[in-house]
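>>> need the 3D shape of this:
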Amino acid sequence: MTAQSLASILQKWESVIGLEVHAQLATESKMFCRCQRTYGEPPNSRTCPVCLGYPGVLPVLNEQAVEFALRLGQAVGCTVRSLSRFARKNYFYPDLPKGYQISQYEEPLCEGGSVSFYMEDGTSKTVGITRIHLEEDAGKAIHGLEDESYIDFNRCGTPLVEIVSEPDIRSPQEARRYLERLKQTLEYTGVSEADMEKGHLRCDANISVRPRGREEFGTRTEMKNLNSFRGVMRGLTYEIERQVGILEQGGEVEQCTLTWDESAGETHLLRTKEEAQDYRYFPEPDLVPLIIDPAHVEEIRAGLPELPAALEARFTEKYGLRFEDIETLTSDRELAAYYEAVVKGGVTPQETAQWVRGEVLRVLNEEQQKIGEFPMPPEALAELVQLVSEGTINRNTGKSVFDKMLQERLSAGAIVERDELAQVSDSSALEETVRQVLEGLPEELERYRKGETKLQGFFMGQVMRATRGKGDPQVVKDLLQRLLDEN
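Residues are numbered from 1 along each chain as shown. Predicted coordinates for the structure are as follows:
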């Protein structure tokens with residue numbers, strides 16, 4: 001479905017969406033055993049009797065996982081229960097060797113809170129948080145290898161937080177923006193790497209539709225396997241269209257669980273109506289209740305870093321940047337820190353934003369690097385930006401110098417001096433070059449005189465070529481205009 005057709009549907013119908021986000025915690029070990037939390041290791045190489053559910057073994061709670069969950073809860077304004085309990089969620093699937101998952105149910109660690117963010121048009125939105133609770137991950141089923149299915153238990157027992165939102169989301173676009181803000185928050189607080197490609201962040205969605213103006217909710221479906229921002233947008237759009245199509249034809253939506261097939265761009269039925277009692281929750285007998293000291297919660301709250309919303313507000317007030325600049329620069333905490341370090345080198349915030357969003361991010365994308373791996377120190381980029389700002393070199397030359405700085409590990413000043421790249425702003429020297437260029441192009445000059453004024457850009461390019469890019473573009477433009485008018 002196109003964005004336009006979805007917008008048309010949402011004029012008559014309102015979608016009601018709640019997201020259940022599972023984030024893998026950045027702990028050293030698993031939730032209830034000492035096995036290393038890993039990714040990409042040989043299958044079944046990071047397991048033990050505890051995470052494989054052998055008879056007679058006992059779980060021991062990972063303290064760091066609790067700390068991370070509390071940190072996230074404070075970052076989104078949750079209330080922390082002084083006493084919470086673990087429960088067994090019973091279901092059978094081949095990747096769950098115990099036949100149950102240790103989770104939290106009636107008494108979760110964190111409740112309440114909210115996540116606020118901006119939409120692309122600058123309007124703000126707040127989505128309530130129902131609960132944040134701890135649980136362990138299941139293994140990974142791998143289908144289709146040599147027409148067989150395999151199970152890798154390395155992920156079994158990996159610590160997760162499940163973040164359950166209120167049904168406050170009203171469009172796939174809002175769902176994406178909510179997830180982006182949640183991912184930011186997880187990364188800023190150091191709670192999770194939140195790498196969706198590695199399965200660190202996974203999402204299930206509850207979706208229903210209702211005629212606009214109606215208060216009561218429609219019948220919901222649950223959609224699983226939304227493992228990318230693009231998948232969330234496509235999957236929700238597909239399901240909204242499907243439900244509206246059923247209702248407009250006089251049918252009824254059936255409560256069920258669906259899985260999103262990204263390659264086919266459609267959903268498949270997993271199971272019909274399902275409720276919490278189907279999982280036969282009961283208190284985990286091998287773990288004592290988790291008691292949290294309120295003073296410790298306050299220590300965690302006081303130690304939180306500057307969070308995305310606060311950083312955005314500060315960048316707006318301090319640097320006066322455009323919304324799109326702020327959104328990009330604060331998308332990653334390390335990128336924001338790099339940007340600020342460049343600005344501290346004495347260059348303007350606006351110029352710095354252009355270079356970081358342009359050249360720095362271009363290289364990071366091409367090299368598939370993170371900003372922490374970027375080899376150019378902030379002070380080195382600040383020197384280059386200053387040379388461009390003061391007119392020593394023009395922007396195009398600056399981009400060439402930028403690439404040479406990365407290749408040769410030399411400073412901008414050293415490259416400009418060595419290659420004699422300093423910009424020529426002397427109008428008398430440039431005037432002679434402009435005259436020579438025009439004299440060498442009599443046919444084009446005649447066409448310009450006859451009204452083909454678009455050739456001015458061509459002349460500009462030829463003059464800049466003649467100066468090897470060192471001519472001050474504004475001086476060249478003014479000279480060119482004057483000499484063309486004289487002719």
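
>>> list the beta-bridge partners for P283.
Applying DSSP bridges to P283 gives these bridge partners: A87.

>>> return the residues in contact with it.
With contact set as Cβ atoms under 8 Å, 6 or more residues apart in numbering, P283 has these partners: R85, F86, A87, R88. In short, each C-beta sits where N, CA and C put it, glycine included.

>>> which residues does the second one contact?
Contact analysis of F86 by Cβ under 8 Å, 6+ apart lists I102, S103, Q104, L134, P283, E284, L287, L290.

>>> out of these, which end up buried?
I102, S103, Q104, L134, E284, L287, L290 (16 or more other Cβ atoms under 10 Å).

>>> give me the nearest residue to the third one, chain neighbours excluded.
Just to be clear, that refers to Q104. The shortest distance from Q104 to any non-neighbouring residue, by Cβ to Cβ, 6 or more residues apart in numbering, is to H133 (3.7 Å).

>>> and the buried ones among the contacts of F86, which of them are in strands?
I102, S103, L134, L290 (DSSP state E).

>>> just the closest of those to N365, please.
L134 (35.2 Å; Cβ to Cβ).

>>> distance of the closest residue to that closest one other than its chain neighbours relative to R314?
Excluding the flanking residues, the one nearest L134 by Cβ to Cβ, 6+ apart is A69, at 5.4 Å. From A69 across to R314, the span is 27 Å (Cβ to Cβ, to the nearest Å).

>>> more crowded one of these two?
Using other Cβ atoms under 10 Å as the criterion, A69 and R314 rank with A69 on top: 29 against 15.

>>> let me see the contact set for the more buried one.
A69 touches L25, L109, C110, I132, H133, L134, V161, V191, counting by Cβ under 8 Å, 6+ apart.

>>> may I have the one helix or strand it maps to as CSV, with CA atoms only?
Taking DSSP states H and E as the criterion, A69 maps to helix 63-75. In CSV, the C-alpha atoms belonging to helix 63-75 read as follows (Å, rounded to 0.1, in the frame of the first residue of the first chain):
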residue,chain,number,x,y,z
GLU,A,63,22.6,-8.5,39.2
GLN,A,64,23.8,-6.5,36.3
ALA,A,65,20.6,-7.3,34.3
VAL,A,66,18.6,-5.9,37.2
GLU,A,67,20.7,-2.7,37.2
PHE,A,68,20.2,-2.2,33.5
ALA,A,69,16.4,-2.7,33.8
LEU,A,70,16.3,-0.2,36.6
ARG,A,71,18.4,2.3,34.6
LEU,A,72,16.0,2.0,31.6
GLY,A,73,13.0,2.3,33.9
GLN,A,74,14.3,5.6,35.4
ALA,A,75,15.2,6.9,31.9
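
>>> any idea of the mean pLDDT for it?
Averaged across helix 63-75, the pLDDT comes to 98.

>>> now A302: phi and psi?
When read as degrees, to the nearest 10, the backbone of A302 gives phi -70, psi -30.

>>> tell me the pLDDT at it?
Reported pLDDT for A302: 97.

>>> for L25, see how far away it is.
Noted for A302: a distance of 21 Å to L25, by Cβ to Cβ.

>>> of those two, who's got more company?
It is L25, of A302 and L25, that has more neighbours when counted by other Cβ under 10 Å, with 27 against 8.

>>> test my guess that the more buried one contacts I163.
No - in this structure L25 lies outside contact range of I163 using Cβ atoms under 8 Å: 11.9 Å.

>>> quick one: the helices in the stretch 1-150 of the chain?
3-12, 63-75 (DSSP state H, counting those that start in this stretch).

>>> that'll do, ta.
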